[in-house]
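# Build me a structure from this.
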Amino acid sequence: MKKYLFSIIAAATLMSCSDNDSFPTRFVLSDKFTTSNQGWIGDFADYPKTDSVFYELSYSHAKLPAPLDTAKKALRISGNNHSDDLFMFLKKRVTGLKPNQTYSAKFEVEFASTVPNGMMGVGGSPGESVYFGAGFSAIEPKKEVDNGYYRIKNVGKISQAADGKDMKVMGNVANGTDKNQYTLVKRTGTFTGKTDANGQLWLIIGTDSGFEATTTLYYTGVNVEFIELTNQ
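Numbering: from 1, shown residues only. As a prediction, this is how the structure comes out:
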């Protein structure tokens, strides 16, 4: 009888180890938007509930502009920042990770920007005053109405140059040239966070703007390498 009980316990232990081993310690997401949006959702926050038309908010899967390869598509997001604080973002749910586990996420995001370095603009630079950030949260980032404005309050996003609890600033949208034409740029950085009880998380990338006019970006790809962190 003792041998039988020991066999059951040993089998259960092996099954538990097998289940744990089924979760990756390293996981790579590599999304290119040439043919589809790959499940990414575009949205906006920090603008009046009644003024979406005035802010010229738009998000679509669109062809790249010249002089880039116009045969390819990207995620186009655009808005006119009348509030001096417009947040334009993309989000995506990721599944299949270990539940309640801390991961380090290394981001590499590519987008096309038409803004040269060192430009001056209303309220701030159209390049260096439009801050780019990335991160993730165990819950879905959602906007809600707060005193007549759409705000994101359930996760900690970036606030222009300041990091948030669930996002980090990883640069700006200046294209690294002296030319006013669309140029592909990459932004990189690392963020650490935790999955939910089902091994899911929500990626979030986007810009928070101090430039009081129009910003239009074309996101061409997002790469994220997740590394499981122990002793967290």
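# Beta-bridge partners for Ala105, please?
Taking DSSP bridges as the rule, Ala105 bridges to Phe191, Phe226.
# which residues does it contact?
135-136, 190-193, 203, 224-227 (C-beta atoms under 8 Å, 6 or more residues apart in numbering). The way it works is simple: take the backbone N, C-alpha and C, and place the C-beta from them, glycine included.
# Kindly report the same for Phe89.
Contacts for Phe89 (C-beta under 8 Å, 6+ apart) come out as 42-45, 141, 157, 204-207.
# Next, name the residue at the spatial heart of the protein.
Ile205 (2.0 Å; C-alpha atoms, centre = their mean).
# Would you map the helices across the protein?
Counting by DSSP state H, one finds helices in the chain at the ranges 2-21.
# pLDDT below threshold where in the chain?
Confidence mapping of the chain against pLDDT under 70 gives the ranges 1-21, 231-232.
# Kindly recompute the last result at 80.
1-24, 83, 231-232 (pLDDT under 80).
# so what's the residue nearest to Ser30 when sequence neighbours are not counted up against?
Nearest residue to Ser30, sequence neighbours excluded (C-beta to C-beta, 6 or more residues apart in numbering): Asn223, at 4.9 Å. Applying C-beta under 8 Å, 6+ apart, we find Asn223 in contact with 28-31, 107-109.
# sorry, back to before: any idea how far the residue nearest to the centre of the chain is from Trp40?
Ile205 sits 9 Å away from Trp40, going by C-beta to C-beta, to the nearest Å.
# where do the contact lists of those two overlap?
By C-beta under 8 Å, 6+ apart, Ile205 and Trp40 have these common neighbours: 90-91, 219, 222.
# Just the closest of those to Leu64, please.
Relative to Leu64, the closest of the shared contacts of Ile205 and Trp40 is Tyr219; by C-beta to C-beta it sits at 10.5 Å.
# didn't the closest one look like it was pressed against Ser78?
No. Using C-beta atoms under 8 Å, Tyr219 is not in contact with Ser78; the gap is 11.6 Å.
# any common contacting residues for the two?
Common contacts of Tyr219 and Ser78, defined by C-beta under 8 Å, 6+ apart, are absent altogether.
# Could you pull up the contacting residues of the closest residue to Met170 other than its chain neighbours?
In space, not counting the residues next to it along the chain, Met170 is nearest to Gly189; the distance is 3.5 Å by C-beta to C-beta, 6+ apart. Applying C-beta under 8 Å, 6+ apart, we find Gly189 in contact with 106-107, 134, 168, 170-171.
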